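Participant: Sequence unavailable; structure follows:
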């Protein structure tokens, strides 16, 4: 592949059409296809008119100018803000209307290529492209046989392998589960190594300390080369604001570490309405945008032009218990509006994936996940973290849910392909051939189009009751269990240059030996 | 209630806001609220641009002009078409471009009131109003205890009672399940009686023979009065085209019976791509619109101004088995386009509800149902049949799925309410009160808005893992089982005038005694 192709993987990826996607979901003997992101061929679903958007933008300006954002324990961030013309009062920073917007507009890229170790798997973040990544950050894992338990490095490896083997996930994710059996201060090394060794899809690194972010980037440099890494995005870090209206130093330093290295920070507030934000949607959206925009702007102050993604994570609460709820109507509507506002900023958007509060991979889980995922698709998100595996409000990474969600990601490829209206699709010759009262089974148009006509789930059961009964009356969860077991059984690691592998291991060994274990 | 109110139930229904809805879903000691339909406060999701719509409309014209529609065994329908200027050749009718559209545009109402026995429950069909009705037509029923079995009159009564007790279902439906223990030629009498006796919501009558349609309307006349019935819609009939491109006489005669009595025919093709229509979406949509438009126009030839609804039922197929699939991306996209085309006709639309091919009320069922139901909501449907209970591609009415879907209907009320952007929603004073790093639990804005802030499912479990485990690790299906059992246990029938009840029973007894039983 020529260098220019490697830098613009979106172009060849587009020519891989729906047919290859369909082959992928049916499995079969063909080699696993490479699907480097998916192209949006449908419009976004725009909920608000101009007036509503302008009112929310005005509220964002009031929050930023009047209340401001605190940067705690990061004097360099305060210095950058002071130089940029913000009003810095202790750790509180206030922003004149338009300041943050201007910084973003000046240098933040509209889209960028997030490179994978295998150049054919590089994804474009932004524009009409979308990348799906697995769920992130759960301390627990669950599967039908093993039950609910703390995540281990073995589980982490399993989920990296599963994401690699899932053709409709384009990205390896980051903390696919917490490997709780590895010391907290060394986990990032094993996690980044796993993404580089057991997958060749793009991935995310550590963010829980500035040094861990830098270690993660250093490992990426070994794999991609120092010069290439300085010029291209090869790793992402997921940075949470400490809502409401605070960035703690750990996060803002990690954010600056990624930006400084010209790597992508995904900046995402986490707002649970009524706790870290107001209970009304419009206010929570204004807060979320204000917090995220300030983080995005900080990346540009640290290094103008650094790749960056604005993130959105709105959640509702149960009126009865105050517990967080997911896949409910309010955050779905909220995502649609965040999508509109982010398009007006002209930068890439990360939005919620297959969210649920359910403890089981049951009907509640899949109803909530479908509502949440469709909102992400319809709102115009470019990077969809938590696309597969999420259970229990993010506390659990579920093996079965992972297989179920990965199948839904396949469905979303077909949804995003939209509805072609051309002579073949209109099928007038088929009507002429068949006529009233006859069937279309054998007509020329059906034979020509049948293979590629409909999305076919790998795990849904569309058989008759009798067939289903005789096959053991399995629920989707049970079929998903068989599916991920088979995926792991047939998993084969991608090749890696032994010299690179050795260099990665050396770096990790040295880092691990240099300090003692920390468990918190 | 004044007569003018009874004729415009939408007006008082609007003033019943979200608060009452929220009280309803939490249950409690208050009397069951009356929610007479729901108002759309969100835009539709428009998939195609003008060019695509015009191309499909041109294809509709070609199908109607060149291939035409057959009316089999209904000479009066042919006569009406001849009088209207269509080209009638044997039983084949061809329509010059624009003819069908003109007939519809001339007299078909943009919206109408579908009256309920309880005037407060009358619903407006059309405009910005939406009515949810339970699933229709399954021969089997299923519940967790009793398993899968043929439906009985007892099951029928149960589902009428459940739909009555479900505040977010606005309509009692029609054949909520087939009462297989009642002779085929007498079922409609028991079904219509059940809707009138065990509910006071609007309902549908028999369509399986012209005489049964007329019996159903006659029963409605007893309940509503002959004069009122002649001037107002008090019953609906669901009329299927015999796709592709055929109306059999049974259906077209039933359609004309409803129209003749100034009652609403819901005209709906059933197209399984690759069987009764082409495998490509645009062609299936053109066919569906062509068939439905001709049926809609026929109601207007039979009685100009008769209330009528254009229906849409597109389904995909499994590439592996040819089995019908539901809740897949293709029909979801198809619904969005059918919605756009129907708005251009200016008449009410019926669209698919909570569809699934799953045999169990599991994750597959709820994922597919959420995709299907959201498409109906987003496409601008006015009457959503199959909103609750549908399982196994319509072969089964499930008690648990009914409770799960009815809960999703509640969620859709909140979704349809949209996202207000006003001073209260923007919550700037809350930010001023709370400031960075604090929580919003006790702030004035939260206290003021908390009660009505978020939709709260009646059966989702949002508790902690430990709470859920200690409560028995119940899946959504198990909680739904408890829910419908409780709904039946606390069910109380609405009042009915004893004279009306006696007149209904007399009519039914006479009809039943007049002919022998038929079982097919």
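Facilitator: The structure has been received and is ready for your questions. Note that the coordinates shown come from a computational prediction; the quantities given were computed from them, not determined experimentally.
Participant: Tell me where the model's unsure across chain A.
Facilitator: Within chain A, the segments meeting pLDDT under 70 span A:1-31.
Participant: now the helix of greatest length in chain A, how far from the centre of its chain.
Facilitator: Among the segments of chain A that qualify as a helix by DSSP state H, the longest is helix A:281-302. On the basis of Cα atoms, centre = their mean, to the nearest Å, helix A:281-302 sits 18 Å off its chain's mean C-alpha point.
Participant: Please see if that helix touches chain B.
Facilitator: Yes - applying Cβ under 8 Å from any Cβ of the partner chain, one finds helix A:281-302 in contact with chain B at A:281, A:282, A:283, A:284, A:286, A:287. C-beta here means a position set from N, CA and C on the backbone, and glycine is covered the same way.
Participant: biggest separation within these, which pair?
Facilitator: For the residues of helix A:281-302 next to chain B, the maximum inter-member distance is 10.8 Å, found between A:281 and A:287 (Cβ to Cβ).
Participant: tell me the secondary structure for the residue lying closest to residue A:303 once chain neighbours are set aside?
Facilitator: Spatial nearest neighbour of residue A:303, chain neighbours left out: residue A:259 (4.8 Å); criterion: Cβ to Cβ, 6 or more residues apart in numbering or on different chains. The assignment at residue A:259 comes out as helix when based on DSSP: H, G, I helix; E, B strand; the rest coil.
Participant: how close does residue A:33 sit to residue B:260?
Facilitator: 58 Å (Cβ to Cβ, to the nearest Å).
Participant: what do you get for residue A:216?
Facilitator: 75 Å.
Participant: So between these two, which is more surrounded?
Facilitator: residue A:216 (29 against 16; other Cβ atoms under 10 Å in any protein chain shown).
Participant: Okay, and the more buried one sits in which element?
Facilitator: helix A:210-224 (DSSP states H and E).
Participant: For that helix, which outside residues touch it?
Facilitator: A:115, A:117, A:185, A:188-189, A:192-193, A:196, A:205-207, A:229, A:232, A:234-235, A:237, A:250, A:253-254, A:256-258, A:261, A:263, A:500, A:503-504, A:507-508, A:511 (Cβ atoms under 8 Å, 6 or more residues apart in numbering or on different chains).
Participant: go with 6 Å
Facilitator: Identification of contacts with helix A:210-224 by Cβ atoms under 6 Å, 6 or more residues apart in numbering or on different chains yields A:117, A:188, A:192, A:196, A:205-207, A:229, A:234-235, A:237, A:253-254, A:257, A:261, A:263, A:500, A:503-504.
Participant: Stretch A:192-208 too?
Facilitator: Outside stretch A:192-208, the residues within contact range by Cβ under 6 Å, 6+ apart are A:114, A:116-118, A:121, A:123, A:156-157, A:160-161, A:164, A:171-172, A:174, A:188, A:212-213, A:216, A:219, A:223, A:235-239, A:254, A:493-494, A:504, A:508.
Participant: tell me which parts of the stretch 401-520 of chain A are close to chain B?
Facilitator: For the stretch 401-520 of chain A, the residues in contact with chain B (Cβ under 6 Å from any Cβ of the partner chain) are A:404, A:411, A:414-415, A:419, A:421, A:425-428, A:430-431, A:436-437, A:439-440, A:445-446, A:449-450, A:453-456, A:460, A:462, A:465, A:468, A:475-476.
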